[in-house]
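>>> Give me the fold of what follows.
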Amino acid sequence: MNNHLVGRLPTTKNKIGERVRSDNALVYEAASVLRGIITRQKRWSAAGGFHADFGWFQRHLDEDGVLTQKVLTAAGFALDKEGCWTWRGGLWPLSKVTDLDDLGDALVNLVDIHRPL
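Model prediction:
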C-alpha cells in the first residue's frame, strides 16, 4: 500500500532515511538503477568494468548534460584520459549486462516522474 497522499508524488529517501528533494532525488534514483545493473553481474564487473556512452544517457535524461554528469558520477563512473565515462576498467559496454531499451525506458520514466511537464 502506498503511504503518500492522493495526488502527491511518493517521497524518495536516502540511505539514512532523510527525504531527498528536487533533482537530487532524480539523480539518486537513476544512479541506484544504474549501480544495480553494473553490480548485478559479478563476472563482467570484476573482469574489466563498463563504459557508458554519455550521449546515449543524455538523450534519455531530458537532454540535460549536467544531470547526466551527476547521474554517471553518482553511479561510480569517472572520466578516463580519453574522455570516456568508465566504471573500473571500462572494458565492456553496458549492453553486456542489460537491455539498453529497457534501461532507457526506466530513465525516461524517472525523468517524467521528477520533472513533470
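
>>> and residue 100, what is it in contact with?
56, 94 (C-beta atoms under 8 Å, 6 or more residues apart in numbering). Any C-beta I mention is one placed from the backbone N, CA and C, and that applies to glycine too.

>>> in the protein, which helix has the most residues?
Secondary structure of the chain per DSSP state H: the longest helix is helix 22-40.

>>> Hmm, residue 76 is touching residue 87, no?
Yes: at 5.3 Å, residue 76 counts as touching residue 87 under the criterion of C-beta atoms under 8 Å.

>>> Quick check: neighbours shared by these two?
Contacts common to residue 76 and residue 87, judged by C-beta under 8 Å, 6+ apart, are residue 38.

>>> between these two, which one's more packed in?
Set residue 76 next to residue 87 and count neighbours by other C-beta atoms under 10 Å: residue 87 wins out with 23 against 16.

>>> got the contact list for the more buried one?
Applying C-beta under 8 Å, 6+ apart, the residues near residue 87 are 38, 45, 49, 50, 51, 52, 75, 76, 77, 78.

>>> what bridges to it?
residue 50 (DSSP bridges).

>>> pLDDT value on it, please?
Per-residue confidence (pLDDT) for residue 87: 90.

>>> With the one 10 residues further on instead?
Per-residue pLDDT puts residue 97 at 89.

>>> now residue 34: how far from residue 71?
As judged by C-beta to C-beta, to the nearest Å, residue 34 and residue 71 stand 7 Å apart.

>>> In terms of packing, which of the two has more residues around it?
Neighbour comparison, residue 34 and residue 71: the larger count goes to residue 71, with 28 against 25 (by other C-beta under 10 Å).

>>> Just give me how far the longest helix of the chain sits from the chain centre.
Mean C-alpha position of helix 22-40 versus that of the full chain (C-alpha atoms, centre = their mean, to the nearest Å) differs by 4 Å.

>>> which helices and strands does it pack with?
Secondary-structure packing of helix 22-40 (3 or more C-beta pairs under 8 Å, 6 or more residues apart in numbering; DSSP states H and E): strand 12-13, helix 65-74, helix 100-114.

>>> Give me the neighbour count for the residue lying closest to residue 90 once chain neighbours are set aside.
Spatial nearest neighbour of residue 90, excluding adjacent residues (C-beta to C-beta, 6 or more residues apart in numbering): residue 51 at 4.0 Å. Residue 51 has 19 neighbours, counted by other C-beta under 10 Å.
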